[in-house]
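Q: After the sequence you'll find the predicted model.
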Amino acid sequence: MPTNFDDQEVSRLRAALVRIARSIDRQVPREGLTPSQVLILGTIARKGPIGMGELADIEGVNPTMLSRMIGKMTAAGLVARVSDARDARAVLVQVTGDGAALQDRLRAERSRLFAERLADLPDEFGAPLRGALPALEAIAELMRPASRTAV
């Protein structure tokens, strides 16, 4: 049975999640990357080597803009374009050693900052928040855009 939320609850939940994400983004230095590049680097580190089309779908950016960002990240030595062994015409992107190290630092700093804020929460919020984790993960999965299908 679906869980029904009223408009105000939906708005409050969405706003809280956005505020949390933005606050973390503002407090953690991005080492010269744009917020979009940080997200893209994380996706490539997690899913790579990955095709540009799939990456554009996951990140919700147009392929031209993605290509420009990947070009800058390649020039910075964070990602590399590699041939797809299954299709010589296709290009995949993967993180380099420097890109992986940067991604690890950014993730660790974000996690540290978030852990500090969680530790500041009163005890009465800990258990409900832990209990909400599966639901939040399910929402995150439902929010992912549908992958491209071959035509």
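A: On my side now, so go ahead.
Q: For the nearest residue to Leu92 once chain neighbours are set aside, grab phi and psi.
A: Setting aside the residues directly before and after it, Leu92 is nearest to Pro49 in space (C-beta to C-beta, 6 or more residues apart in numbering), at 3.9 Å. The way it works is simple: take the backbone N, C-alpha and C, and place the C-beta from them, glycine included. Backbone torsions of Pro49, given as degrees, to the nearest 10, read phi -60, psi 140.
Q: For Pro49, which residues are in contact?
A: Contacts for Pro49 (C-beta atoms under 8 Å, 6 or more residues apart in numbering) come out as Val82, Asp84, Leu92, Val93, Gln94.
Q: if you set the cut-off to 6 Å instead, what comes out?
A: Val82, Leu92, Gln94 (C-beta atoms under 6 Å, 6 or more residues apart in numbering).
Q: Most neighbours among these, please name it.
A: Leu92 (20 neighbours; other C-beta atoms under 10 Å).
Q: Report the central residue of this protein.
A: Centroid-nearest residue in the chain, with C-alpha atoms, centre = their mean: Leu39, separated by 4.4 Å.
Q: so where's the longest helix in this protein?
A: Longest helix of the chain, by residue count under DSSP state H: helix 97-119.
Q: quick one on the thing from earlier: ignoring the adjacent residues along the chain, who's closest to the residue nearest to the centre of the chain?
A: Glu59 (6.3 Å).
Q: helix/strand/coil for Ala15?
A: Applying DSSP: H, G, I helix; E, B strand; the rest coil to Ala15 yields a three-state assignment of helix.
Q: Repeat that for Arg30.
A: State at Arg30, reduced to three classes by three-state DSSP: coil.
Q: which stretches of this structure form helices?
A: 7-27, 35-47, 52-59, 63-75, 97-119, 123-143.
Q: Tell me what angle the first one forms with helix 123-143.
A: So the one you mean is helix 7-27. 90 degrees (axes from the mean of the first three to the mean of the last three C-alpha atoms, to 10 degrees).
Q: between helix 7-27 and helix 35-47, how big is the angle?
A: 90 degrees.
Q: C-alpha coordinates for helix 7-27, PDB please?
A: Taking Å, rounded to 0.1, in the frame of the first residue of the first chain, the C-alpha atoms of helix 7-27 are listed here in PDB:
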ATOM      1  CA  ASP A   7       1.900  18.500   0.100                       C
ATOM      2  CA  GLN A   8       3.400  20.200   3.100                       C
ATOM      3  CA  GLU A   9       5.200  17.000   4.200                       C
ATOM      4  CA  VAL A  10       6.500  16.400   0.700                       C
ATOM      5  CA  SER A  11       7.800  20.000   0.600                       C
ATOM      6  CA  ARG A  12       9.400  19.800   4.100                       C
ATOM      7  CA  LEU A  13      11.200  16.500   3.300                       C
ATOM      8  CA  ARG A  14      12.500  17.700  -0.100                       C
ATOM      9  CA  ALA A  15      13.600  21.000   1.400                       C
ATOM     10  CA  ALA A  16      15.400  19.300   4.300                       C
ATOM     11  CA  LEU A  17      17.300  17.000   1.900                       C
ATOM     12  CA  VAL A  18      18.200  19.900  -0.400                       C
ATOM     13  CA  ARG A  19      19.400  22.000   2.600                       C
ATOM     14  CA  ILE A  20      21.600  19.100   3.900                       C
ATOM     15  CA  ALA A  21      23.100  18.500   0.500                       C
ATOM     16  CA  ARG A  22      23.800  22.200  -0.200                       C
ATOM     17  CA  SER A  23      25.200  22.700   3.200                       C
ATOM     18  CA  ILE A  24      27.700  19.900   2.800                       C
ATOM     19  CA  ASP A  25      28.600  21.100  -0.700                       C
ATOM     20  CA  ARG A  26      29.300  24.600   0.600                       C
ATOM     21  CA  GLN A  27      31.400  23.500   3.500                       C
END
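Q: I am finished for the moment; much appreciated.
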